[in-house]
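[1] build the 3D model from these lines:
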Amino acid sequence: NLLQNEQSLTLQFDNLVKNDAKAVIQTFPNRDLRQFKKMELYIHAEKKQGTFLNNNDLTAVIRLGSDFVSNYYEVRIPLQLTPLDPGLNPNSDAYNDTLWIKANNLNLDLSVLTQIKIDRNLSNVPVNRIYSELQDNGQTYSVMGNPNLGEIKGILMGVENSNATSASGELWFNELRMSSIDDKGGWASLARIDAQLSDLGTVSVSANTHSSGFGNLEQKINERFKVNFVQFDIGANLELGKLLPREAAPSIPMFVSVSQMVSAPEYDPFDKDIRLKDKLKYAKTAAERDSIRKNAVDFASTKTISFTNVRKNRTSNKKPQLWDIENFDISYAYTKAEARSPLIEYNIVKKERGGLAYNFSPQPRFIEPFKKMFRKSKTHWFDLIKDFNFNPVPNQLSFKADIFRQFGVIRARSIGEDKYPTP
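    Take a look at the predicted model:
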């Protein structure tokens with residue numbers, strides 16, 4: 001179709017010696033290819049007129065990764081040559097089939113590349129050595145280093161002289177494209193319960209969760225969540241004094257709170273194109289499986305318990321005394337926060353606060369020194385002086401003592417095998 005916008009690259013080479021290769025590269029900011037299932041490409045190969053080449057003498061080389069030397073996936077395709085003069089009608093389908101030979105086409109299932117990396121990781125092949133697997137279609141897929149389809153920074157397309165003494169010719173790379181978008185959706189839920197326990201207090205529970213693939217209607221596929229997320233909060237405000245005999249008249253306000261967040265990524269954070277469930281499946285032992293899960297999950301937890309102004313209420317009408325136990329109150333609070341992530345092995349913070357308070361409000365003793373002097377006076381001109389008074393007793397006696405203790409420890413995670421591990 002002449003109206004289509006054809007995207008094509010021509011690569012011409014002359015006197016390419018055996019085992020030598022030439023290529024072009026295209027670099028770009030990080031591209032996430034994980035939402036696609038396939039990469040497709042048409043390839044045309046022909047020799048230069050007057051030279052001699054056979055089928056499979058040339059090999060198309062496609063690399064994609066963060067670089068083209070140490071971290072990349074590679075596809076090698078033995079090429080079938082198009083005859084220079086097939087003797088066919090240029091407008092026929094048969095002629096087109098000689099231009100674009102199906103055996104040369106790239107129809108790459110991206111999951112095969114990640115499976116090859118898994119196979120390499122399970123074998124004894126070093127990461128810095130190329131690992132290859134021959135496919136049923138005659139193409140060879142390889143992995144070098146630790147590339148991942150979530151952060152592709154460039155693509156290389158080239159040709160290698162695999163068999164001939166010298167090679168001259170031309171290659172066309174046509175319509176490189178991604179296809180078969182993974183549009184699997186997700187789900188989300190939200191719940192909340194509030195309960196009133198008579199005069200004992202209140203209890204509230206809330207939770208929310210969403211799965212990988214969930215997103216808003218306006219979001220693109222690559223903007224959807226790629227984590228399985230669960231969060232819950234439990235809180236209670238209780239007056240424990242209601243559980244004790246009324247004659248004791250205690251006031252014991254207690255607040256308890258537990259919150260937890262777990263975010264499990266769809267892909268392993270250290271191999272971003274390998275699904276976490278696949279990495280767990282290939283773990284050799286239960287301990288290794290637990291370690292992989294713990295290292296990959298983002299976890300945060302906070303636990304709190306506090307008693308505020310615990311005291312004994314007054315039950316008699318007797319005159320308050322300086323030494324009454326009702327004048328004292330005690331407070332205590334404890335909080336523990338824990339967190340871990342792929343980069344933080346553990347982060348623990350503990351806080352404790354205790355307090356003792358004393359409050360005494362004696363009955364006032366007002367003295368009116370001029371009241372008797374103007375008792376018999378009927379005029380109101382001296383009311384201001386007559387009503388003058390003062391209280392020699394303090395309105396309130398109080399003190400408060402607080403003790404605060406905090407402990408925190410954090411350790412960064414040692415990733416991989418390090419000669420000098422994190423202490």
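[2] so where do the strands sit in the stretch 151-300 of the chain?
    With DSSP state E, counting those that start in this stretch, the ranges of strands along the stretch 151-300 of the chain come out as 152-161, 166-181, 188-197, 201-210, 227-239, 250-251, 253-265, 267-268, 271-275, 298-312.
[3] can you show me the helices along this protein?
    93-99, 110-122, 276-281, 286-296, 383-386 (DSSP state H).
[4] quick one: buried residues of the fourth one?
    For helix 286-296, the buried set under the neighbour-count rule, 16 or more other C-beta atoms under 10 Å, comprises 292-293, 295-296. The C-beta positions use only the backbone N, C-alpha and C, and glycine is treated the same way.
[5] just the second one next, same as before
    Within helix 110-122, the residues that count as buried by 16+ other C-beta under 10 Å are 110, 113-118, 120-121.
[6] now distance to Val159 and pLDDT too, for those, in a markdown table please.
    Converted to a markdown table, the buried residues of helix 110-122 look like this (distance: C-beta to C-beta, whole Å; pLDDT from 0 to 100):
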| residue | distance to Val159 | pLDDT |
| --- | --- | --- |
| Leu110 | 23 | 94 |
| Leu113 | 21 | 95 |
| Thr114 | 26 | 94 |
| Gln115 | 27 | 93 |
| Ile116 | 23 | 95 |
| Lys117 | 25 | 94 |
| Ile118 | 30 | 92 |
| Arg120 | 26 | 93 |
| Asn121 | 30 | 89 |
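[7] where does the stretch 1-150 of the chain dip in pLDDT?
    1-6, 86 (pLDDT under 70).
[8] related to what we said a few turns ago, to Val409, which of the helices of the chain lies closest?
    Across the helices of the chain, Val409 has its closest neighbour in helix 286-296 (17.4 Å, C-beta to C-beta).
[9] give me the distance between Asn228 and Ile348.
    Using C-beta to C-beta, to the nearest Å, Asn228 is found at 25 Å from Ile348.
[10] in terms of neighbours, single out the busier of these two.
    Asn228 (19 against 15; other C-beta atoms under 10 Å).
[11] look up the pLDDT of the nearest residue to that one once chain neighbours are set aside for me, please.
    Closest residue to Asn228 apart from its sequence neighbours, by C-beta to C-beta, 6 or more residues apart in numbering: Ala264 at 4.6 Å. Predicted confidence (pLDDT) for Ala264: 94.
[12] I'd say Ala264 and Val297 touch.
    Yes: checked against C-beta atoms under 8 Å, the pair Ala264 and Val297 is within contact range at 5.1 Å.
[13] please name the residues that touch Tyr267.
    Contacts for Tyr267 were tallied using C-beta atoms under 8 Å, 6 or more residues apart in numbering; they are 34, 150, 226, 273-276.
[14] beta partners of it?
    Tyr267 has these beta-bridge partners by DSSP bridges: Arg275.
[15] ok, Val61 - how many residues close by?
    Val61, neighbours per other C-beta under 10 Å, totals 20.
[16] I'd guessed it sits against Ala23; true?
    Yes: contact criterion C-beta under 8 Å: Val61 and Ala23 qualify, at 6.5 Å.
[17] joint contacts of those two?
    156-159.
[18] between the residues you listed, which sits nearest Arg413?
    Leu156 (33.0 Å).
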